[in-house]
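**Q** Generate a structure from the sequence data that follows.
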Amino acid sequence: MQLKKRGTSLIGLCPFHQEKTPSFNVSVTKGIYKCFGCGKGGDSVQFIMDHEKASYPEALRFLAEKYQIPIEENEGPNPYENDHRESLLILNQFAMETFQENLKLEEGKTIGYSYFLERGFRDDTIRKFELGYSFQSKISFAEKAIQYGFKSEYLIETGLCFETEQGSLMDRFRGRVMFPIHNLSGKVIAFGGRILKANEKTAKYLNSPESELYHKSDVLYGIFQAKKAIRDQDQCFLAEGYTDVISLSQSGIENVVASSGTSLTKAQIKLISRFTQNITILYDGDPAGIKASLRGIDLILEEGLHVKIVLFPDNQDPDSFIRKVGGKAFLEYIQNNQKDFIAFKTDLLLADAQGNPIKKAELIHDILESISMIPDSVLASIYTHECSEKLQMEERVLIAELNKVRIKKSKNQEKNEDFKRNEINAPMGQTPLGNQPHPIKESLGSLDFIPGDPILGQNPLKPVQLLKDDEQEEELLRLLLNYGGVEKEEGISVAEDIIIQIQDIEFENPLYSHIYQKITEIVQITKPFNPISLIQSRDGEIRNEVVKLLSQKYSLSENWKNRHGIEVKREEDLIAESVENCINHLKRRKLDHLIKENQDKMKLAKTPEEEAELLSIHLLYSNLRSNLSAALGVVVLK
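**A** Residues are numbered from 1 along each chain as shown. Now for the predicted structure:
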């Protein structure tokens, strides 16, 4: 990921949801990540689990392998037996190795290996992309996999085999050269197979079906091998086929991936954008294919990426062209012939519109639609100026039409958002109306507001009526987790001080109560207090809540001091006061509950003596509450 330093943390675009403004934070000191957009968070193991959709053991093995940490496996039953996803990955790895071994056997050498040599692939390239061959026998792989203990349902689920009407297994990729498809971490998640017999009445290329591991709209062929080069060169070449990627990589152009014949999707664009903002699309010159893919390029513009287009001469594709001219001449050709997308689209469509005013008007609207998707207003204005010259139209006319397109899009987007919002908030059985009042604004109404503490990151406009015990308990846990190990005075840590002060108070929220119990156990064992075991908890609810409480969405700007000369104290400088205030707030809320319960008992008192006793308790509680309110310096209105 591309992360930038902000304060003491790192920030970047979240890999788990679509966003254009960074909300993904990494705390280096705490060893955690947190996205304030989608809510995902955790430590390095949890990141691998979330990102690769891996199990806990698989994530540990991945990290151990990456950092060369030896791990000991317990002997006994197969550790993968109860892990469905991991079993599928192991089966795919077994299949890839089998197809590789087949290249060394007679049939594989004669057909598969000969084909790769004919395409000009060297042995090191074949190994790098883990290419292979599937025997022509209908059951060769199925029999071998069953013999090695793999379940038939896994063979069907991965798409390596399918079930016949008679209920037997048959190999899906028989008689094909095999192209394994890897995820970002290098695990084989699917296969592409190319048939070699010209007279076969079957598809030339065959891909694995969709599965738990493989969603073709989320995957780019070659991304595992290319990601480092893409990041280093800040440039991604996007081709169409497997052989394009392999040939370019073999010639030293490693920053290339392929969409594998599918229309470009937002997920694939998002994948590229994690490594670079610059994409060059390599086309083989087929006009029909290019026009069909223009929509995908519009999506690239919408994501804010920069797009260039290259057409190859004489209907050659990247594979054939680089084998003809070599890597150096290939790069020179790209440098001299690449066009920005808007100019390319204008030239392409203008050729069809010559002498036809109606088609030219359609062309103009089509191009303006593309420009309207560019989030960078400066870049959009540059493209508009270039188009005015190419189309021989006044720039002001194009700008006026562009504004109309943008206004129309904005209105449509607002309508969609209103519909979704009203659909969520509409009562059961009622149709949501677009002109209903905003549910949040209406619910706040004329509530009184109190100021918050901007340093603590609290909402500066928080309604008094929305304060709950949960919030006081949450704030106390936040202080415990973030500053529990800080020494307060005379060798007593913040965590020990809090535990002593609230030993008679019970948490109302079950989750917070559970986390607090865990903290007290850690404090008794670990000095100084460290929340790492809670961050790594196998209990997802605990882990997510702890990461949330440890993460701070905002950080204090250095500009207060550097530009304005204002020394603003940080929370860690005021920790004693913060803890004291938080505990007093919590105690006061608990006293409110006790007073309410006592008042209810007073209403039901049966004797004057009982009523007098309850009244004395009421006075005691009221005095305690007054003292706490005075200490806090606030008046909370009921």
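
**Q** okay, now Gln2: neighbour count?
**A** 14 (other Cβ atoms under 10 Å). Glycine gets a C-beta too; all of them are placed from N, C-alpha and C.

**Q** OK, contacts around it?
**A** Gly12, Leu13, Arg231, Arg274, Phe275 (Cβ atoms under 8 Å, 6 or more residues apart in numbering).

**Q** Where does pLDDT dip in the chain?
**A** By pLDDT under 70, the low-scoring segments of the chain are 53, 73-82, 198-200, 261-262, 285-289, 291-293, 413-469, 489-490, 554-556, 634-638.

**Q** one more time with 50, if that's ok
**A** For the chain, residues meeting the criterion pLDDT under 50 lie at 77, 79-82, 420-421, 423-467, 637-638.

**Q** Show me it divided up by domain.
**A** 4-66, 84-214, 224-405, 448-552+570-638 (automatic domain parsing).

**Q** before we move on, the earlier item: tell me which of the contacts of Gln2 is nearest to Glu609?
**A** Lowest distance from Glu609 to the contacts of Gln2 (Cβ to Cβ) belongs to Gly12, with 68.4 Å.

**Q** Farthest pair within the contacts of Gln2?
**A** Longest span within the contacts of Gln2, Cβ to Cβ: Leu13 and Arg231, 14.0 Å.

**Q** For those two, indicate the residue with more neighbours.
**A** Neighbour count, other Cβ under 10 Å: between Leu13 and Arg231, Leu13 has more, with 20 against 16.

**Q** nearest spatial neighbour of the more buried one, skipping sequence neighbours?
**A** Leaving aside its chain neighbours, Leu13 sits nearest to Pro22 (5.4 Å; criterion: Cβ to Cβ, 6 or more residues apart in numbering).

**Q** Tell me who's in contact with that neighbour.
**A** Contacts of Pro22 (Cβ under 8 Å, 6+ apart): Lys4, Ile11, Gly12, Leu13, Cys14.

**Q** what about the third one, how many residues close to it?
**A** For Gly12, the neighbour count with other Cβ under 10 Å is 18.

**Q** Could you report the distance from it to Ile500?
**A** 41 Å (Cβ to Cβ, to the nearest Å).

**Q** Next, Glu186: secondary structure please.
**A** Actually, residue 186 is Gly. It isn't Glu. coil (DSSP: H, G, I helix; E, B strand; the rest coil).

**Q** Report the contact partners of Arg274.
**A** For Arg274, the contact set (Cβ under 8 Å, 6+ apart) comprises Met1, Gln2, Leu13, Pro15.

**Q** how about those in CSV, adding secondary structure and distance to Asp539?
**A** Formatted as CSV, the entries for the contacts of Arg274 read as follows, by DSSP: H, G, I helix; E, B strand; the rest coil; distance: Cβ to Cβ, whole Å:
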residue, secondary structure, distance to Asp539
Met1, coil, 27
Gln2, coil, 32
Leu13, coil, 29
Pro15, coil, 24
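
**Q** Between the residues you listed, which sits nearest His365?
**A** Leu13 (31.4 Å).

**Q** Run a quick check on that closest one versus Ile272, I expect a contact.
**A** No. Using Cβ atoms under 8 Å, Leu13 is not in contact with Ile272, being 12.0 Å away.

**Q** from what I can see Glu369 touches Asp298, true?
**A** Yes. Contact status for Glu369 versus Asp298: in contact at 7.3 Å, counting by Cβ under 8 Å.

**Q** Those two: who's more crowded?
**A** With neighbours defined as other Cβ under 10 Å, Glu369 and Asp298 compare such that Asp298 has more, 20 against 13.

**Q** pretty sure the more buried one contacts Ile374?
**A** No. Assessed by Cβ under 8 Å, Asp298 is found out of contact with Ile374, at 9.8 Å.
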